[in-house]
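Asks: Turn this into a model:
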Amino acid sequence: MSRVPVKIVPLVFTLALTVSGVVFGAGEESASLVPNGNFENRSKGGEEWPDGWGSWAPGNGKTWEVESDMHFVRLVSQKPGQLQLVYRELNLRGDAPKGIDFKFRYRTAGVKTGEQPADGAGAIILFNDNEGRILNSDAKPVLFSNLDPGWKAAEVQALVPQGSAHYVIMAGLFKAAAGTVDLASIFATPLADSDIEKLAKSAPKGEAPAESLVTNGDFEKLDKAGDWPEGWGKNRPEKGTTWETENDKRYVRIVSQEPGQMLTLSRNVPLKPGAKGVELTIRYRATGVRFGEHEWFDARTFVHFLGTDGKPLANEGTSLDFVFTHKSEPTGWVERTRTYDVPEGAVQMQLMPGFFRAAAGTLDLAEVRVTPMSDAGVALMNLADNAYGIWKGEQNGEMERRVDAKIGAQLAATGNLVPNGDFSAAAPGTNWPEEWGRSAPENLSWETEGGKHFIRIVSPSPEKMPMLYKMVLLNKGLKAVEVKIRYRTANLEAGPRPPGNAQASMHFLEGGRFGHLEYGREMGPEPEPIPFSPDAKQWTEITRRMIVPEGATKLQFMPGLWGVKSGTLDLAEIQVRPLSDADAAMATPAK
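Replies: Numbers count the residues shown, from 1 in each chain. Next up is the predicted model:
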């Protein structure tokens, strides 16, 4: 099972500060970055629960209590191994502090450690960027002491990682065998400059870092030819990759030469026998990256775990890829870490950093490290992963409800699952229709005829495949759809290699309804492409009815010129309409 991209210090929970009988002052409460951090305000929806706080507490595991005119949250373990948590996500804006002091007022009763040393009561803080990636942080997990029954305080201070857009606070029972946690307050206040300076100076101290499994990971050592870093391969040695120097430090530069290229370094890293987890850390900078035909065609590191036969082991979880960026803004030098479970039977970790079919960009790589994790570190990673997964699941549940509402409104208004299917609405500030992506922008234009908009696609050469693309969200339980396209063609001449024609290619996908980072998984078999006739000189309609595979959430739609020698394709409207059960019986299954 793959893990969320989060670096966790390889320690069991750290008890940063525990003091009996501590009461936080009113000044501390008013300065807190956490609204309703004392749990006093009731939910605006009227529920018996503090406003703004989410929870994961199966069964009767959560209550909102009052004691001596003070509200608090009670979390009770219902059975061994459960997660019983409260959580909150908070935004970091442009004036966000450089460091934060997190304070928890709590008490415990009967907490018993679970199967792993880290399974108990405590709190975790995770920082993430605008794309949802968890960032490397020095915010150590906090242990809630079980030594006496009174109210206690715990504190942890952390620097805000570069690129942070949000942070998530999770507190409660993390897979404990038994017990109760009461939470009276959770505060977060900006650190003073003096404290930030002390924290920054102390950050590098502590345990010596584990030795990297990647030899010549800093690209300093030459190979025998004397012109390339030893041990590193490249998939296009004739162009696109160079060995550079800056401030007496070596790095590798990868420059995308043309849209759609696969241009990467390559390295197989031997793993230590019995390894359960590793951290992949990469120091890099990116400039001018433009994604290709899809937003996930970008700058990234392909990651595979290889078995004794040298073949990749199956990965049933989320993508293992280490994503650098799909945005054009310069990143400057940044260092990021992602943690991985090592699957059973893995003997090597294959790394291929570079460009995956991006449109353009430059990627500089200064260092690549793979370090083993201790057993305690792996246990802690599992705990953080479970906690984050629960929180993410709650967020996705809310997003799922919003997606369903959006689809319902779209169908009620137009009867078409494709937003802006007639290309009439412009994206703000552009001369292009809203909701539509495209490859080879220089070969697609937004035209007008008789007061109606349409898309024109012109083939520049057989090597190019200019096209539109769109992910069409499908409503739940959909059995079949009717696709209708209004189009015309001019001067089409078939290309020398398949498919070499004008067509609409399609794929059904399962999962991932929430944007490019949740792309989903293609489902087979794929539908037959819809061909566009070279004789359609006037506006023509073509219709196809298709069975929707069970569990499909999206229809990936890509109409365009697929390697034709020359010609033009005009698209006036695209509809995807749900079919009734009776009509679904006559639809065509994929082959």
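Asks: any idea where the helices of the protein begin and end?
Replies: 26-30, 193-202, 375-414, 581-584 (DSSP state H).
Asks: low-scoring pLDDT stretches of the stretch 301-450 of the chain, where are they?
Replies: Where the stretch 301-450 of the chain drops to pLDDT under 70, the residues are 316-318, 376-377, 379-399.
Asks: now the strands: where do they sit in it?
Replies: Listed in chain order, the strands of the stretch 301-450 of the chain (DSSP state E, counting those that start in this stretch) span 322-325, 334-341, 348-358, 360-372, 437-438, 444-449.
Asks: Same check on the stretch 1-150 of the chain?
Replies: Taking DSSP E, counting those that start in this stretch as the criterion, the stretch 1-150 of the chain carries its strands at 19-20, 54-56, 62-67, 70-76, 82-91, 99-112, 120-128, 142-143.
Asks: In CSV, list these along with mean pLDDT.
Replies: Shown next, in CSV, are these (pLDDT from 0 to 100):
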stretch, mean pLDDT
strand 19-20, 35
strand 54-56, 82
strand 62-67, 94
strand 70-76, 96
strand 82-91, 88
strand 99-112, 94
strand 120-128, 87
strand 142-143, 84
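Asks: which of those sits most buried?
Replies: strand 120-128 (a mean of 25; mean count of other Cβ atoms under 10 Å). (C-beta placed from N, C-alpha, C; glycine too.)
Asks: Which elements pack onto that strand?
Replies: Taking 3 or more Cβ pairs under 8 Å, 6 or more residues apart in numbering; DSSP states H and E as contact, the helices and strands that strand 120-128 lies on are strand 99-112, strand 142-143, strand 152-159, strand 166-176, strand 178-190, helix 375-414.
Asks: about what we covered before: make JSON lines out of the strands of the stretch 1-150 of the chain and add distance to T489.
Replies: Converted to JSON lines, these look like this (distance: least, Cβ to Cβ, whole Å):
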{"stretch": "strand 19-20", "distance to T489": "77"}
{"stretch": "strand 54-56", "distance to T489": "53"}
{"stretch": "strand 62-67", "distance to T489": "62"}
{"stretch": "strand 70-76", "distance to T489": "64"}
{"stretch": "strand 82-91", "distance to T489": "49"}
{"stretch": "strand 99-112", "distance to T489": "60"}
{"stretch": "strand 120-128", "distance to T489": "47"}
{"stretch": "strand 142-143", "distance to T489": "65"}
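Asks: between those, which gets nearest to L213?
Replies: L213 lies closest to strand 120-128 among the strands of the stretch 1-150 of the chain, at 25.9 Å (Cβ to Cβ).
Asks: how big is the angle separating that closest one from strand 152-159?
Replies: Inter-element angle recorded for strand 120-128 and strand 152-159: 20 degrees (by axes from the mean of the first three to the mean of the last three Cα atoms, to 10 degrees).
Asks: sorry, back to before: right, and the strands of the stretch 1-150 of the chain - which one's nearest Y487?
Replies: strand 120-128 (42.6 Å).
Asks: Report the contact partners of the closest residue in space to F302 that isn't next to it in sequence.
Replies: Closest residue to F302 apart from its sequence neighbours, by Cβ to Cβ, 6 or more residues apart in numbering: M352 at 4.1 Å. M352 is in contact with 235, 264-267, 301-303, counting by Cβ atoms under 8 Å, 6 or more residues apart in numbering.
Asks: Could you do L571 as well?
Replies: The contact partners of L571, by Cβ under 8 Å, 6+ apart, come to 423, 454-455, 457, 468, 485-487, 559.
Asks: and with 10 Å instead?
Replies: By Cβ atoms under 10 Å, 6 or more residues apart in numbering, L571 lies in contact with 422-423, 436, 444, 454-457, 468, 485-488, 504, 532, 559-560.
Asks: Just the residues you listed: which are in strands?
Replies: Here DSSP state E is the test, and the contacts of L571 give 444, 454-457, 468, 485-488, 504, 559-560 as lying in strands.
Asks: Just the buried residues out of the residues you listed, in PyMOL syntax.
Replies: In PyMOL syntax, the buried subset of the ones in strands among the contacts of L571 is picked out as below (16 or more other Cβ atoms under 10 Å):
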select buried, resi 444+454+455+457+468+485+486+487+488+504+559+560
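Asks: For the ones in strands among the contacts of L571, give me JSON lines that also has distance to E115.
Replies: Shown next, in JSON lines, are those (distance: Cβ to Cβ, whole Å):
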{"residue": "L444", "distance to E115": "56"}
{"residue": "F454", "distance to E115": "62"}
{"residue": "I455", "distance to E115": "57"}
{"residue": "R456", "distance to E115": "62"}
{"residue": "I457", "distance to E115": "58"}
{"residue": "L468", "distance to E115": "52"}
{"residue": "I485", "distance to E115": "56"}
{"residue": "R486", "distance to E115": "61"}
{"residue": "Y487", "distance to E115": "60"}
{"residue": "R488", "distance to E115": "65"}
{"residue": "A504", "distance to E115": "52"}
{"residue": "P559", "distance to E115": "53"}
{"residue": "G560", "distance to E115": "53"}
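Asks: farthest pair in the ones in strands among the contacts of L571?
Replies: Greatest spatial distance among the ones in strands among the contacts of L571 (Cβ to Cβ): L444 and R486, at 17.0 Å.
Asks: Please tabulate the strands of the stretch 301-450 of the chain in TSV and include distance to R93 as additional columns.
Replies: Converted to TSV, those look like this (distance: least, Cβ to Cβ, whole Å):
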stretch	distance to R93
strand 322-325	21
strand 334-341	20
strand 348-358	30
strand 360-372	28
strand 437-438	29
strand 444-449	35
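Asks: and G110, which of those strands is closest to it?
Replies: strand 334-341 (31.5 Å).
Asks: ChimeraX command to pick out the buried ones of the contacts of M352?
Replies: Applied in ChimeraX, the following selects the buried portion of the contacts of M352 according to 16+ other Cβ under 10 Å:
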select :264,265,267,301,302,303
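Asks: Which members of the contacts of M352 are the farthest-apart pair?
Replies: That would be N235 and V303, which, of these, are the farthest apart (Cβ to Cβ) at 15.4 Å.
Asks: Alpha carbons only: can I get stretch 454-468 in PDB?
Replies: Output of stretch 454-468 as PDB, limited to C-alpha atoms (Å, rounded to 0.1, in the frame of the first residue of the first chain):
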ATOM      1  CA  PHE A 454     -17.000  26.400 -32.800                       C
ATOM      2  CA  ILE A 455     -13.500  24.900 -32.500                       C
ATOM      3  CA  ARG A 456     -11.200  24.600 -35.500                       C
ATOM      4  CA  ILE A 457      -8.400  22.100 -35.400                       C
ATOM      5  CA  VAL A 458      -5.800  22.200 -38.200                       C
ATOM      6  CA  SER A 459      -3.200  19.500 -38.800                       C
ATOM      7  CA  PRO A 460       0.400  20.900 -39.200                       C
ATOM      8  CA  SER A 461       2.000  17.500 -40.000                       C
ATOM      9  CA  PRO A 462       1.500  13.700 -39.600                       C
ATOM     10  CA  GLU A 463       3.800  13.800 -36.500                       C
ATOM     11  CA  LYS A 464       1.400  16.000 -34.600                       C
ATOM     12  CA  MET A 465      -1.900  15.100 -32.900                       C
ATOM     13  CA  PRO A 466      -3.700  18.400 -32.100                       C
ATOM     14  CA  MET A 467      -6.800  17.700 -30.100                       C
ATOM     15  CA  LEU A 468      -9.300  18.900 -27.500                       C
END
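Asks: Now that stretch: average pLDDT?
Replies: For stretch 454-468, the mean pLDDT works out to 88.
Asks: any idea how far that stretch is from the chain center?
Replies: Relative to its chain's centre, stretch 454-468 lies at 31 Å (Cα atoms, centre = their mean, to the nearest Å).
Asks: can you check stretch 353-363 too?
Replies: 18 Å.
Asks: how long is it from one end to the other?
Replies: In stretch 353-363, first residue to last residue: 9 Å (Cα to Cα, to the nearest Å).
Asks: Skip the chain neighbours and tell me the closest residue to A121.
Replies: Nearest residue to A121 in three dimensions, chain neighbours excluded: F144, at 4.0 Å (Cβ to Cβ, 6+ apart).
Asks: just to revisit the earlier point, can you add distance to W243 and give the helices and strands packed on strand 120-128 back as JSON lines?
Replies: Formatted as JSON lines, these follow (distance: least, Cβ to Cβ, whole Å):
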{"stretch": "strand 99-112", "distance to W243": "38"}
{"stretch": "strand 142-143", "distance to W243": "45"}
{"stretch": "strand 152-159", "distance to W243": "33"}
{"stretch": "strand 166-176", "distance to W243": "38"}
{"stretch": "strand 178-190", "distance to W243": "43"}
{"stretch": "helix 375-414", "distance to W243": "34"}
